[in-house]
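Participant: Below is the sequence, then the predicted model.
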Amino acid sequence: MFSVIFPGQGSQIVGMGKELYDKFNIVKDLFKQADDTLNFSISKLILEGPKEELDLTANTQPAIFLISYSIFNLAKNEFNLDLNKAKYFAGHSLGEYSALSCAGYLDFSDTLKILRIRGDAMQNAVPKGRGGMVAVLGSSVDVIEKVLRENKENLKAQIANDNSEGQIVLSGKTEDLEKLTQILKDNSIKNVKLPVSAPFHCDLMNKATKIMTEELNKLNFKNGKNKLISNVTANEIKDPDELKNLLIKQIENRVRWRESVINMIENDVDHFIEIGPGKVLSGLVKRINRNVKIDTINSQGDIEGLKI
């Protein structure tokens, strides 16, 4: 059995999807629809840059979704690959919205609009430079949670992403992360400051949660075709109302990616298909379990070579 997985921020590059855009009208049409929906040329930004603009989270989020959605629909409609036969759909952070849309819970245009709002809300929740994120390498959730507990009087930080064995991301205020990185260093725990503009997936995102609660409640969630694995619970979910609530919670809560992948594998998934730019999730899945089959789909050759 296979699962379809969708990447989040960090996978974007200028020129992503260009080969497919140049060759297939279905992709050109989706890019044009996205431009019309967002009232600016996101297609030009994706295909030509500049990188600094594409990397702004309000642009990155709809851009990555557009690429994932285009590849998914191209595979389905031009190459007759029924990816909706997947046992599960799952996405990492904003990738959860790609999963929802491709599974039929949310319309294409609604997803673009809500991701633009989500990106703006997350970027503006904390003044620039006041918060950040740190990747911790070669440690475990238990060890990091213990460090956070032992130092909770002096600093506040949260696990934002539990990505794979040995890759955890922390979020918090800049000054707290500076103290924390020194403590980790003193304990010989390797860590790297990430080049992000805000502290995602922690309670500093509270303003974004308020905005997204209002905006998500305006949307019409439909009954989708596939079960999803939620970032917040790492469990399967199909009820549209519960999906909405978990998308709201996702903004301030940990992305439980490692547990999500383990759950899918324990439920007979032995093949993961990553749809979108880059290979980030494929790398994480490989670190979690080396025995499963992994395909990354972001070119015509990838689609033609896919066996499901």
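Facilitator: Perfect, thanks for sending it. Numbers count the residues shown, from 1 in each chain.

Participant: wait, residue 282 sits on residue 273?
Facilitator: No: contact criterion CB atoms under 8 Å: residue 282 and residue 273 do not qualify, at 9.3 Å. From N, CA and C alone the C-beta is placed, and that goes for glycine too.

Participant: which one of the two has more residues nearby?
Facilitator: Neighbours per residue (other CB atoms under 10 Å) separate residue 282 from residue 273, with residue 273 holding more: 24 against 18.

Participant: ok, what's across the strand from the more buried one?
Facilitator: For residue 273, the beta-bridge partners are residue 4, residue 295 (DSSP bridges).

Participant: residues contacting it?
Facilitator: Residues counted as contacts of residue 273 (CB atoms under 8 Å, 6 or more residues apart in numbering) are 2-5, 83, 86, 294-295, 297, 306, 308.

Participant: Could you turn the buried ones of the residues you listed into a ChimeraX selection?
Facilitator: Listed next is the ChimeraX selection for buried residues among those, using 16 or more other CB atoms under 10 Å:
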select :2,3,4,5,83,86,294,295,297,306
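
Participant: Find the pair from the contacts of residue 273 with maximum spatial separation.
Facilitator: Taking CB to CB as the measure, the contacts of residue 273 span a maximum distance of 15.0 Å, between 83 and 294.

Participant: returning to what we had before: got any residues that touch both of residue 282 and residue 273?
Facilitator: Each of 294-295 lies in contact with both residue 282 and residue 273 under the rule CB under 8 Å, 6+ apart.

Participant: got the CA positions of stretch 174-189 in PDB?
Facilitator: What follows is stretch 174-189, C-alpha atoms only, in PDB (Å, rounded to 0.1, in the frame of the first residue of the first chain):
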ATOM      1  CA  THR A 174      15.500  34.900  19.800                       C
ATOM      2  CA  GLU A 175      17.000  35.600  23.300                       C
ATOM      3  CA  ASP A 176      15.600  32.300  24.700                       C
ATOM      4  CA  LEU A 177      17.000  30.300  21.700                       C
ATOM      5  CA  GLU A 178      20.400  31.900  22.200                       C
ATOM      6  CA  LYS A 179      20.500  30.700  25.800                       C
ATOM      7  CA  LEU A 180      19.200  27.300  24.700                       C
ATOM      8  CA  THR A 181      21.800  26.800  21.900                       C
ATOM      9  CA  GLN A 182      24.500  27.400  24.500                       C
ATOM     10  CA  ILE A 183      23.000  24.800  26.900                       C
ATOM     11  CA  LEU A 184      22.700  22.300  24.000                       C
ATOM     12  CA  LYS A 185      26.400  23.000  23.000                       C
ATOM     13  CA  ASP A 186      27.500  22.500  26.600                       C
ATOM     14  CA  ASN A 187      25.700  19.100  26.500                       C
ATOM     15  CA  SER A 188      27.500  18.200  23.200                       C
ATOM     16  CA  ILE A 189      24.200  18.400  21.300                       C
END
